[in-house]
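K.L.:
Take this sequence and fold it.
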Amino acid sequence: MSATTERTRAVRAEDAFDAAALGAWLAERVDGCEGVPEVRQFSGGASNLTYLVRFGERELVLRRPPRGARSGTAHDVAREYEVQRRLRPHFRYVPHVLTLCEDEGVIGSPFYVMERIDGIVPGPRMPPEIGTDPRRMAALAERFVGLLAELHAIDVEQAGLADLGRGPGYVERQVRQWSERFRRARTRNVPDFEDVMAWLEANRPPDAGYCVIHNDFRLDNLVLDRDDPLVVRGVLDWELATIGCPLMDLGSSLAYWIQRGDGFVAQRFKRQPTDLPGFPTRAEIARRYGELTGRDVSDWAFYEIFGLFRLAVIAQQIYARYARGETTNRAFRFFWIGIRVAHRRLRKAIRAAG
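P.N.:
I've put the predicted structure just below:
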């Protein structure tokens, strides 16, 4: 979610909480938090909810799970807090987390609070402060892939982060777990994806190493400097971060990388403006990642197909919450269309893979 003052809105009624209770709790734990804060909600998010909390000039960001969340660690804000606290000394782009509250009696759910990172966050359209010059878009893409390579280069053992993962078998676990999640969340207006899940199970490669992976690494999760947008000030949304296979992380990242020629529906659901002239294609990003890291990306089909399937599952989980009435956010009401289109894209990619 954006950590800037842009893209905020009044808090939706279903996502509201007692600001006075929050203020009283924070006053005992965080400097500069006195009185009842002004609270606004960041727009555009579909997972954990993110709020701007303002005490006069003091600005913080609060993260909490959505109502009706049932996706295990995907909404585990205590784990998200701990991952960031431990990773920040080794990756300076991680936000500075301040405090964690696991007492649901304060605002109705667990939450944590972090420092706000001031800057610009790209959205479906490139912010005017950045512009659309193709040379700048190409440079921004290079910064994007370089930052992912930098994250994957962290020495997990030396940093003492190995226990954040579950060890060997990452690819196998991911295929099984995301398949199970889809089956649990499926609604009758989308395909069953059994053909896709069977292909992934039959074609899964061994793990291609282990490193810190973000698992939601997107252009719209980067906070860019206001004066020089090619300088990254922060990387947001660490709720799915773990120790795992780097190529799975890249595949999941590029599922969001819409490029020219992807079709109307893909353009309609895009989260980042990577179809602008100057941005490389998904295949070019994958090749560049291989050059920067020395990893073999020649057998790319599995990772690309897994990434798109995983994105379809995430969308289906969100749509299922809407269908069950656990959220009234109408932005989710047409997600089923994107899921059907993703299934067609997956079938086409599987045929091309042979």
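
K.L.:
use CA for all of it now, contacts and neighbours both
P.N.:
OK.

K.L.:
can you map out the strands along the stretch 101-250 of the chain?
P.N.:
111-115, 211-213, 222-224, 232-235, 242-244 (DSSP state E, counting those that start in this stretch).

K.L.:
Tell me the gap between the last one and the middle of its chain.
P.N.:
If I follow you right, that is strand 242-244. 14 Å (C-alpha atoms, centre = their mean, to the nearest Å).

K.L.:
residue contacts, residue 342?
P.N.:
308-309, 312 (C-alpha atoms under 8 Å, 6 or more residues apart in numbering).

K.L.:
could you flag which of those residues are buried?
P.N.:
Using 16 or more other C-alpha atoms under 10 Å as the burial test, the contacts of residue 342 include 308-309, 312 as buried.

K.L.:
Just give the number of residues close to residue 289.
P.N.:
22 (other C-alpha atoms under 10 Å).

K.L.:
how close does it sit to residue 12?
P.N.:
40 Å (C-alpha to C-alpha, to the nearest Å).

K.L.:
again, but for residue 81
P.N.:
In terms of C-alpha to C-alpha, residue 81 sits 24 Å off from residue 12.

K.L.:
of those two, who's got more company?
P.N.:
residue 81 (23 against 13).

K.L.:
Check which helix or strand that one maps to.
P.N.:
Assessed by DSSP states H and E, residue 81 sits inside helix 77-87.

K.L.:
residues in contact with that helix?
P.N.:
63-65, 73, 94-97, 100, 102, 110-112, 161, 164, 238-241.

K.L.:
ok so, going back, show me which of the buried ones among the contacts of residue 342 is closest to residue 254.
P.N.:
Minimum distance to residue 254 across the buried ones among the contacts of residue 342 is 8.3 Å, recorded for residue 308 (C-alpha to C-alpha).

K.L.:
Return the residues in contact with that closest one.
P.N.:
Going by C-alpha under 8 Å, 6+ apart, the list of residues near residue 308 reads 251-252, 255, 342, 346.

K.L.:
Make TSV from those residues and add secondary structure and pLDDT to it.
P.N.:
As requested, these are exported to TSV (DSSP: H, G, I helix; E, B strand; the rest coil; pLDDT from 0 to 100):
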residue	secondary structure	pLDDT
251	helix	97
252	helix	97
255	coil	95
342	helix	94
346	helix	96
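
K.L.:
Distance to residue 183 added to these, as TSV?
P.N.:
Below are these laid out as TSV (distance: C-alpha to C-alpha, whole Å):
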residue	distance to residue 183
251	22
252	19
255	20
342	16
346	17
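
K.L.:
mind listing the helices for the stretch 251-354 of the chain?
P.N.:
264-268, 282-293, 301-323, 335-353 (DSSP state H, counting those that start in this stretch).

K.L.:
Can you check which of these gets nearest to residue 144?
P.N.:
Going by C-alpha to C-alpha, the one of the helices of the stretch 251-354 of the chain nearest residue 144 is helix 282-293, 9.3 Å.

K.L.:
re earlier: between the strands of the stretch 101-250 of the chain, which one is closest to residue 334.
P.N.:
strand 222-224 (26.4 Å).

K.L.:
what about residue 194, distance to residue 347?
P.N.:
11 Å.

K.L.:
The two - which one has more neighbours?
P.N.:
residue 347 (16 against 12).
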